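Q: for reference, the sequence and a predicted model appear below.
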Amino acid sequence: MFNLSGIPGAKTESRHAKVLILGSGPAGLAAALYAARADLEPILLTGTEFGGQAALTYTIENYPGFPDGVGGAQLGELFQKQAEHFGAKIEFDTANKVDLSQRPFKVTADGGEFTADSLIIATGASPVHLNVPGEGLLVGKGVSYCATCDGAFFKEKKVVVVGGGDSALEEGLFLTRFASSVTIIHRRDSLRAGAVLQDRAKANPKVKFIWNSVVTEVVGKEKVEAVKIKNVQTGEETVFPTDGVFVFIGHTPNTQLFDGQLEMENGFIKVDQRMHTSVPGVYAAGEASDPHFKQVITSAGMGAAAAIEATKFLEQQAG
Ligand SMILES: Cc1cc2nc3c(=O)[nH]c(=O)nc-3n(C[C@H](O)[C@H](O)[C@H](O)COP(=O)(O)OP(=O)(O)OC[C@H]3O[C@@H](n4cnc5c(N)ncnc54)[C@H](O)[C@@H]3O)c2cc1C
């Protein structure tokens, strides 16, 4: 049968799921695996980023079971295959409205309506932007939030990376495969990234650092030509020529859809230790509800926990 899901505006009849999962990152796909193995035939709506943030990175070296690392996108595909093997239905569709005021919960997606006895929210997070002049205009013209996606466009070019955490260093090191130089601009005088990554970055001859500095403008008309940088200690402003700007300064949770319906804290969905939200039958897992760990393994673990709790909830409801 032709599946209308994912075609914006397409009208289908409302479909029912015992467990509906929003998000196809590690949390959502792990939840799908667990709910499928409990015979609950979960439906998972992928959102626009299949595999989530993990799929944006070239290689993941800290997910157990892969001693040589695993491709970020490849890991998402493996998760999907395993969940589908046990009966999960994965649909390329995005939720745009939810009604959690009564059960079954209602979810409106681009491709149709769903009702659900239980809901697992695994909508993750999206990159924080610099919010400086020029950035918005030059996205896709030299400004990027994904080295794996865009790195190959910068062969023998000069790029800057903004940020000082694990993602900034990991992605900066990945960019050295293509770029002639990678300059990491960080607002402090020391990095937040783990020791292994710091050592690798400092040992790489293509990587340079500009400390105590923030980007105040991305300069260019048709494409990025330079960044304006301000030294936060001296206030001195300089123009640094570059072909690309890769921004890795953190992430903000994708939870606006649930505003006013679930308890939140600083934009994160509030959950207890068992992933329960403020509405019985609704669970949240991964970076949508986790301001602390932000890893593939922790997000997947929370997804599994949410599905175990949803399974118990449905058993209790059935009496
Ligand atoms: C560049 C980079 C490198 C990283 N490297 C590592 C690493 O090496 N090791 C590690 O452990 N972690 C790494 N991380 C972190 C890791 O990727 C995240 O912690 C993890 O992906 C979070 O999983 P999640 O499932 O909570 O959310 P996400 O991965 O953010 O996935 C969210 C999902 O929700 C979907 N979605 C959003 N809104 C909707 C909606 N309205 N309806 C339906 N679906 C929706 C999206 O399409 C997406 O599929 C990295 C992150 C980045 C950005």
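A: Happy to help now that I have it. Numbers count the residues shown, from 1 in each chain.
Q: the stretch 151-300 of the chain: helices as residue ranges?
A: Assigned by DSSP state H, counting those that start in this stretch, the stretch 151-300 of the chain shows helices spanning 166-175, 195-203, 296-318.
Q: out of the ones you listed, which gets nearest to the ligand?
A: Across these, the ligand has its closest neighbour in helix 296-318 (3.5 Å, C-beta to the nearest ligand atom). For glycine as for every other residue, the C-beta is placed from the backbone atoms N, C-alpha and C.
Q: give the buried residues for the closest one.
A: Using 16 or more other C-beta atoms under 10 Å as the test for burial, helix 296-318 gives 296, 298-311, 313-314.
Q: got it, and stretch 231-240?
A: Across stretch 231-240, burial judged by 16+ other C-beta under 10 Å covers Phe240.
Q: contact partners of that stretch?
A: Applying C-beta atoms under 8 Å, 6 or more residues apart in numbering, the contact partners of stretch 231-240 are 160, 183, 185, 187, 210, 212-214, 216, 219, 226-230.
Q: list the ones among those residues that fall in strands.
A: Taking DSSP state E as the definition of strands, those contribute 160, 183, 185, 210, 213-214, 216, 219, 226-230.
Q: farthest-separated two in the contacts of stretch 231-240?
A: Largest separation among these by C-beta to C-beta: Asn212 and Val219, giving 20.7 Å.
Q: more neighbours: those two, which one.
A: Ranked by neighbour count (other C-beta atoms under 10 Å), Asn212 and Val219 place Val219 first, with 17 against 14.
Q: the more buried one and the ligand, how far apart?
A: Look at Val219 and the ligand: by C-beta to the nearest ligand atom, to the nearest Å, they are 25 Å apart.
Q: same thing with Lys97?
A: Counting by C-beta to the nearest ligand atom - Lys97 and the ligand are separated by 9 Å.
Q: again, but for Phe79
A: Distance, Phe79 to the ligand, by C-beta to the nearest ligand atom: 10 Å.
Q: where does that residue sit: helix, strand or coil?
A: Using DSSP: H, G, I helix; E, B strand; the rest coil, the structure places Phe79 in helix.
Q: number the residues from 55 up from this point.
A: Yep, numbering from 55; the last one is Phe133 now.
Q: OK, contacts around it?
A: So Phe133 contacts 80, 83-84, 87, 105, 354 (C-beta under 8 Å, 6+ apart).
Q: contacts with the ligand among these, please.
A: The subset of the contacts of Phe133 within reach of the ligand, by C-beta under 6 Å from any ligand atom, is Pro80.
Q: in helices only, show me the contacts of Phe133.
A: Those of these mapping onto helices are 80, 83-84, 87, 354, per DSSP state H.
Q: could I get the residues you listed as CSV with distance to Pro118 and pLDDT?
A: Listed next are these as CSV, based on distance: C-beta to C-beta, whole Å; pLDDT from 0 to 100:
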residue, distance to Pro118, pLDDT
Pro80, 13, 98
Leu83, 16, 98
Ala84, 13, 98
Leu87, 16, 98
Ala354, 10, 98
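Q: just want the most central residue of this structure.
A: The centroid of the chain falls nearest to Gln107 when counting by C-alpha atoms, centre = their mean (3.3 Å).
Q: I'd say that one and Ala81 touch.
A: No. Between Gln107 and Ala81 there is no contact under C-beta atoms under 8 Å: 10.6 Å.
Q: return every residue with contacts to both of those two.
A: 178, 341.
Q: re the thing from before, closest to the ligand among the ones in strands among the contacts of stretch 285-294?
A: Nearest to the ligand among the ones in strands among the contacts of stretch 285-294, counting by C-beta to the nearest ligand atom, is Val214 at 15.9 Å.
Q: if I look at that closest one, how far off is Pro181?
A: Taking C-beta to C-beta, to the nearest Å as the measure, Val214 falls 16 Å from Pro181.
Q: with Ala255 instead?
A: Noted for Ala255: a distance of 20 Å to Pro181, by C-beta to C-beta.
Q: next, format the ones in helices among the contacts of Phe133 as a markdown table and append distance to Phe294.
A: Listed next are the ones in helices among the contacts of Phe133 as a markdown table, based on distance: C-beta to C-beta, whole Å:
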| residue | distance to Phe294 |
| --- | --- |
| Pro80 | 36 |
| Leu83 | 40 |
| Ala84 | 42 |
| Leu87 | 46 |
| Ala354 | 39 |
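Q: and which of those residues is nearest to the ligand?
A: After measuring the ones in helices among the contacts of Phe133 against the ligand - C-beta to the nearest ligand atom - the closest member comes out as Pro80, at 4.4 Å.
Q: thought that closest one was touching Ala108?
A: Yes. Between Pro80 and Ala108 there is a contact under C-beta under 8 Å: 5.6 Å.
Q: shared neighbours of these two, which are they?
A: Common contact partners of Pro80 and Ala108 (C-beta under 8 Å, 6+ apart): 129-130, 350.
Q: adding pLDDT and distance to the ligand, write the residues you listed out as TSV.
A: Listed next are these as TSV, based on pLDDT from 0 to 100; distance: C-beta to the nearest ligand atom, whole Å:
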residue	pLDDT	distance to the ligand
Leu129	97	9
Gly130	97	8
Val350	95	4
